[in-house]
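Trainee: I would like to see how this sequence folds:
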Amino acid sequence: MKKTLKVDWDTLFTIKEVEIAGVQLQITPMSLLQLASVMSKVKGLVKKLVDGGASWENFRTPEQVINIMTTSFGELPELLSDATGYEAEEIARLPLEENIKLLEAVIDVNISSRESLEKNFASLAEKLGKLATPVQ
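Mentor: Now for the predicted structure:
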């Protein structure tokens, strides 16, 4: 039988409050499951954009700006819902500026989480290196 973690999940994921549409929303770093889901959807979005002809060379042409906007805006509420836990339908009703602020908050929170993760991995790698070094 596998053991369960007795973790205080609320303290594990640091909350950042951000004002969106006059309301304080709580944004937390994504879990591995959330991150996998969001990245899978981002991969699908990128495929749709590429299939629609978007590339780094032409993403500013009027045709591709429209392609990128219509494709991305259709997918953004679901992506933000997966990343934040808020309802996609409510996110879709927000003005574009508020969606961009929410996306920026999600990115900021997860970049901070990633930087902490990198520090922890660096420390872990150092300890594993010491462990693997033969004793003389």
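Trainee: where does the protein dip in pLDDT?
Mentor: Within the chain, the ranges that satisfy pLDDT under 70 run 9-10, 12, 113-118, 120-121, 135-136.
Trainee: strands along that one, start to end?
Mentor: According to DSSP state E, the chain carries its strands in the segments 16-20, 23-27.
Trainee: export these to a markdown table and tack on mean neighbour count and distance to residue 64?
Mentor: Every C-beta, even on glycine, is put in place using the N, C-alpha and C of the backbone. A markdown table is the format used below for these (neighbours: other Cβ atoms under 10 Å; distance: least, Cβ to Cβ, whole Å):
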| stretch | mean neighbour count | distance to residue 64 |
| --- | --- | --- |
| strand 16-20 | 15 | 28 |
| strand 23-27 | 14 | 30 |
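Trainee: looking at the ones you listed, which is nearest to residue 122?
Mentor: strand 16-20 (23.7 Å; Cβ to Cβ).
Trainee: related to what we said a few turns ago, dump the strands of the chain into CSV; add distance to residue 48 as well.
Mentor: Converted to CSV, the strands of the chain look like this (distance: least, Cβ to Cβ, whole Å):
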stretch, distance to residue 48
strand 16-20, 26
strand 23-27, 26
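Trainee: compare the ones you listed and give me the one nearest residue 53.
Mentor: Nearest to residue 53, of those and by Cβ to Cβ, is strand 16-20 at 32.7 Å.
Trainee: that closest one - contacts with which helices or strands?
Mentor: strand 23-27, helix 96-132 (3 or more Cβ pairs under 8 Å, 6 or more residues apart in numbering; DSSP states H and E).
Trainee: turn these into a markdown table, columns for distance to residue 50.
Mentor: A markdown table is the format used below for these (distance: least, Cβ to Cβ, whole Å):
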| stretch | distance to residue 50 |
| --- | --- |
| strand 23-27 | 29 |
| helix 96-132 | 21 |
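Trainee: picking that back up, how about the strands of the chain, which one is nearest residue 112?
Mentor: Of all the strands of the chain, strand 16-20 comes closest under Cβ to Cβ, at 8.1 Å.
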